[in-house]
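Participant: Attaching a predicted model along with its sequence, questions to come.
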Amino acid sequence: MPGTSAASELVSGRELTAARVTEPRLREAYARCRRLHARHGRTYFLATRLLRPAQRPAIHALYGFARYVDDLVDDPEPGWTAADIAQRIDHIATALDEGLAAGSSDDPVLAAVVDTTVRFGVEAKLFGPFLHSMRMDLAVTGYASRTELDTYVHGSAEVIGLQVLPVLGTVCDRREAEPHAAALGAAFQLTNFLRDVAEDLHRGRVYLPADELAAYGVDTDLLRWCLRNGRAEPKVKAALADQVARTREVYRRARPGIAMLHPASRPCVATAFDLYSRILDRIEDRDHDVFAGRAVVSTPRRLALAGAAVARTALARAARTAGTARTANTARTARTARTALPRISR
């Protein structure tokens, strides 16, 4: 819808102005990343609206870049082979390294990523594992164990949590918060794996550890049977219930990190935490039958959760503003009183 697009561009422009991004080419790169984030990451994109406007472009840059590369793998250009995609990822890796070394880039997406990395001190070494995991998707179709899957998840999700941490800010040493940020990235990714079992099977991939499935008598052939028949077999339901329980444990490891964030960033992350974990609730509500339909949190529910967070954020900001004003008034009164006192000669 043209009106919606115009409104989105207006919001994007205000965010970039708040972030003091003024150069037209760079503003367009950030805007493009925002569009990528909005199109593919609806849950976290909604939560991002709870951040201060000056923070949002950096989050859009990092998530937009992740979606940009992921799209190359999952939705390649017609006729592209795995070798073509791998070559494109290698080109991106080289261009990113050159941009980070120079402090700027002419690439229409990487320009925003490099600028964000420089502005917020994001560790450049975090991009390598991400690109490695994207390459894994070109050849790996399954994971024999949790250890193997963890390697993929580290690059595809944990490093994203670590990348955004400097943008969100912390009230403690950043290193103390890093394990929780990484765990939250993993929790979101593992939730996606459970929600998208059927979709991933269509692409020929299974992101669930084979040995843990085997403990319930489940293998890829049985999962494909479920896909063909549009329903989960009882053994598959039991295996998925186990996977949900394991994923909830990752959320429990991540939760303490929310309190370590800068107060302005907590509503965003807490809302994303709530929205993603409710996807697990929906899976349980469906008796773990992820083949009968996609488990999602309804749009009204997502908006209600975000709206409540907006209200809490507004109240907290108002309270902080009022407190600052009272402190300033008290200080001015004290200065006035001191000025009015007669000087005592020594």
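Facilitator: Good, I have the coordinates.
Participant: Please work out how many residues are found near the residue lying closest to residue 139 once chain neighbours are set aside.
Facilitator: Leaving aside its sequence neighbours, residue 139 sits nearest to residue 82 (C-beta to C-beta, 6 or more residues apart in numbering; 7.0 Å). Bear in mind the C-beta positions are built from the backbone N, C-alpha and C, glycine included. The number of residues packed around residue 82, counting by other C-beta atoms under 10 Å, is 13.
Participant: What ranges in this structure fall below the confidence cut-off?
Facilitator: Residue ranges of the chain with pLDDT under 70: 1-8, 10, 297-346.
Participant: Domain ranges for it, per the record?
Facilitator: Following automatic domain parsing, one finds the domains of the chain at 7-78+96-128, 160-321.
Participant: The residue nearest to residue 139 contacts residue 138, correct?
Facilitator: Yes - Residue 82 lies in contact with residue 138 (C-beta atoms under 8 Å); the separation is 4.5 Å.
Participant: What number of residues are in the vicinity of residue 201?
Facilitator: Neighbour tally, residue 201, other C-beta under 10 Å: 18.
Participant: three-state assignment of it?
Facilitator: State at residue 201, reduced to three classes by DSSP: H, G, I helix; E, B strand; the rest coil: helix.
Participant: Tell me which residues touch it, please.
Facilitator: Taking C-beta atoms under 8 Å, 6 or more residues apart in numbering as the criterion, residue 201 is in contact with 223, 224, 227.
Participant: ok, of those, which come out buried?
Facilitator: 223, 227 (16 or more other C-beta atoms under 10 Å).
Participant: Tell me who's in contact with residue 37.
Facilitator: Residues in contact with residue 37 (C-beta under 8 Å, 6+ apart) are 44, 45, 48, 59, 60, 63, 64, 67.
Participant: Could you identify the most distant pair in those?
Facilitator: Distance extremes for these: the farthest pair is 48 and 67 at 13.2 Å, using C-beta to C-beta.
Participant: okay, the two: which has more neighbours?
Facilitator: When residue 48 is set against residue 67 and neighbours are counted by other C-beta under 10 Å, the residue ahead is residue 48, at 24 against 18.
Participant: Surely that one is in contact with residue 61?
Facilitator: No - between residue 48 and residue 61 there is no contact under C-beta under 8 Å: 11.4 Å.
Participant: Who's the closest spatial neighbour of residue 93, skipping the chain neighbours?
Facilitator: In space, and not counting its chain neighbours, residue 93 is closest to residue 131: 5.2 Å by C-beta to C-beta, 6+ apart.
Participant: burial count for the one you found?
Facilitator: Neighbour count for residue 131, taken as other C-beta under 10 Å: 17.
Participant: now it, what's its secondary structure?
Facilitator: Taking three-state DSSP as the rule, one finds residue 131 in the helix state.
Participant: With residue 77 instead?
Facilitator: Relying on three-state DSSP, one would call residue 77 coil.
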